[in-house]
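**Student:** Turn this into a structure:
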Amino acid sequence: MLHKTNLFICWFLMTLFILLPGIAHQGAQLGLEVFFKRLLPYLLPYLVVSQWLLYELYKRNKWQSHVGNSIKIYAIGAFGGFPTGAATISTLAQSGMIGKRHASHLLGICHAPSPMFVVGVVGSQFLLSPQTGITLMVILHSINLIFLFFLHAFVPLPTIKKNENVVKTVNSPLSEGIHQTASILLLVATTVVFFTTISTVIRESLGFIFGEIPHHITIFIFSLFEMTAGLEIANQLYQMEPFFPILAVAILSFNGLSIHMQIMVLAKSAKLSLKPYVIYRLVHFLLFVGSCYFFL
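**Tutor:** Just a heads-up that it's a prediction; the model follows:
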């Protein structure tokens, strides 16, 4: 059934791209603009430093099996922004430095946009208030850290032995960090451009069939597929509306299929279960949006 569904989606998208090449090109351009303008400047420096730190710790085997390990992984993911946390977890799980059950839980916990994206883009540029961006960041990480506390307090995570046969030799942590950053950025750019293209083509197709499409439907389509594009469109259409801050929070919390696909690719490379990730993100969405409704 899943195979047939995937085949249908592939043929459906190919048909749309063939029938609407100009719209597909427009969507790809929008995706590239979003990536280079909104994501790359706020992601690249943090990714390099976080991945450099990862391989410095990796080289010296500075990992424990429990709380200290999780705190370091969370710090790296929180600093670098998604999908840095998932990339870090995948690397450590593949090397046997953390157990797969532990890693599967951490996928959903060590998941957050970079501080500069929340403060610099969402706060300063979209909500016109860096202080609001800082408030969002505090609420977001507070919820994640509560999850981390409950994970170690109530979920038994057995101690595992590192598999020396799969541990990669690291001679230059900086070069390894840059190489890993390039891989992550390629994954991010690909998913952002692809899902923004899909959003644009679907939006224009619906407009061709049904005529005028309401703004909220347009925002829903873009936000469903790509978070940053959804925020960009919402900012253009509703920036002056009183409900815009909570709308931006909802889009930021949902993340979009683009980011979830990035996590899925990294998780599958380490053969990690995605069930905990889905549960954590659903609960986080409800808590984050609900908390921001009262604080903003």
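**Student:** Please count neighbours and contacts with C-alpha atoms only from this point.
**Tutor:** Will do.
**Student:** If you count neighbours, what's buried in the helix or strand Thr91 falls within?
**Tutor:** Take DSSP states H and E as the rule and Thr91 turns out to sit in helix 84-94. Within helix 84-94, the residues that qualify as buried by neighbour count (16 or more other Cα atoms under 10 Å) are 84-94.
**Student:** for it, the distance to its chain's centre please.
**Tutor:** What separates the centre of helix 84-94 from the centre of its chain is 14 Å, taken as Cα atoms, centre = their mean, to the nearest Å.
**Student:** which one of the buried residues of helix 84-94 is nearest Pro115?
**Tutor:** Within the buried residues of helix 84-94, distances to Pro115 taken as Cα to Cα reach their minimum at Thr84, with 12.6 Å.
**Student:** Next, the contact list for the nearest residue to that closest one once chain neighbours are set aside, please.
**Tutor:** Residue nearest to Thr84 in three dimensions, not counting chain neighbours: Gly77, with 5.0 Å by Cα to Cα, 6 or more residues apart in numbering. Taking Cα atoms under 8 Å, 6 or more residues apart in numbering as the contact definition, Gly77 lies against 50, 83-86, 88, 110-112.
**Student:** Could you check how far Met137 is from Ser253?
**Tutor:** Distance from Met137 to Ser253, counting by Cα to Cα, to the nearest Å: 11 Å.
**Student:** can you tell me how far Val188 sits from Phe12?
**Tutor:** 24 Å.
**Student:** neighbour count winner among these two?
**Tutor:** Neighbours of Val188 and Phe12, each counted by other Cα atoms under 10 Å, are more numerous for Val188; the result is 21 against 11.
**Student:** The more buried one sits in which helix or strand?
**Tutor:** Secondary structure here is read from DSSP H and E; on that basis Val188 sits in helix 173-210.
**Student:** Tell me which helix or strand comes right after that helix.
**Tutor:** Sequence-wise, the next helix or strand downstream of helix 173-210 (DSSP H and E) is helix 215-225.
**Student:** List the buried residues in that following helix.
**Tutor:** By 16+ other Cα under 10 Å, the buried positions in helix 215-225 come out as 218-225.
**Student:** repeat for stretch 278-294
**Tutor:** 280-281, 284-285, 287-289, 292.
**Student:** related to what we said a few turns ago, so which of the buried residues of helix 215-225 is the closest to His179?
**Tutor:** Ranking the buried residues of helix 215-225 by separation from His179, with Cα to Cα as the measure, puts Phe225 on top at 27.4 Å.
**Student:** quick one: contacts of the lowest-mean-pLDDT helix or strand in the chain?
**Tutor:** Every helix and strand in the chain was compared by mean pLDDT, DSSP states H and E; the lowest is helix 40-59, with a mean of 81. For helix 40-59, the external contacting residues (Cα under 8 Å, 6+ apart) are 63, 76-77, 79-81, 84, 88, 114, 116-117, 120, 169-171, 173-178, 180-181, 185.
**Student:** gap between stretch 116-125 and the chain center?
**Tutor:** Distance of stretch 116-125 from the chain centroid (Cα atoms, centre = their mean) equals 15 Å.
**Student:** now the end-to-end length of that stretch.
**Tutor:** Counting by Cα to Cα: the opening and closing residues of stretch 116-125 are 11 Å apart.
**Student:** For the remainder of this discussion, apply numbering that starts at 3.
**Tutor:** Fine by me, first position is 3 from now on; the one you just mentioned is stretch 118-127.
**Student:** Can you give the contact residues for that stretch?
**Tutor:** Residues external to stretch 118-127 that are found in contact with it (Cα under 8 Å, 6+ apart): 40-41, 44-45, 131-136, 138-139, 250.
**Student:** Please apply the same query to stretch 178-194.
**Tutor:** By Cα under 8 Å, 6+ apart, the residues outside stretch 178-194 that reach it are 33-34, 37, 46, 49-57, 85-86, 89, 172, 228, 260-261, 263-264.
**Student:** repeat that with 6 Å
**Tutor:** Residues from elsewhere that reach stretch 178-194 (Cα atoms under 6 Å, 6 or more residues apart in numbering): 33, 49-50, 53-54, 260.
**Student:** and what of stretch 264-276?
**Tutor:** Residues external to stretch 264-276 that are found in contact with it (Cα under 6 Å, 6+ apart): 92, 96, 106.
**Student:** Could you list the low-pLDDT ranges of the stretch 3-152 of the chain?
**Tutor:** 4, 60-67 (pLDDT under 70).
**Student:** now with 80?
**Tutor:** Counting by pLDDT under 80, the ranges of the stretch 3-152 of the chain that qualify are 3-5, 44, 56, 59-69, 97-99.
**Student:** the helices in it, which residues?
**Tutor:** 4-21, 23-36, 42-61, 69-82, 86-96, 102-111, 117-118, 132-156 (DSSP state H, counting those that start in this stretch).
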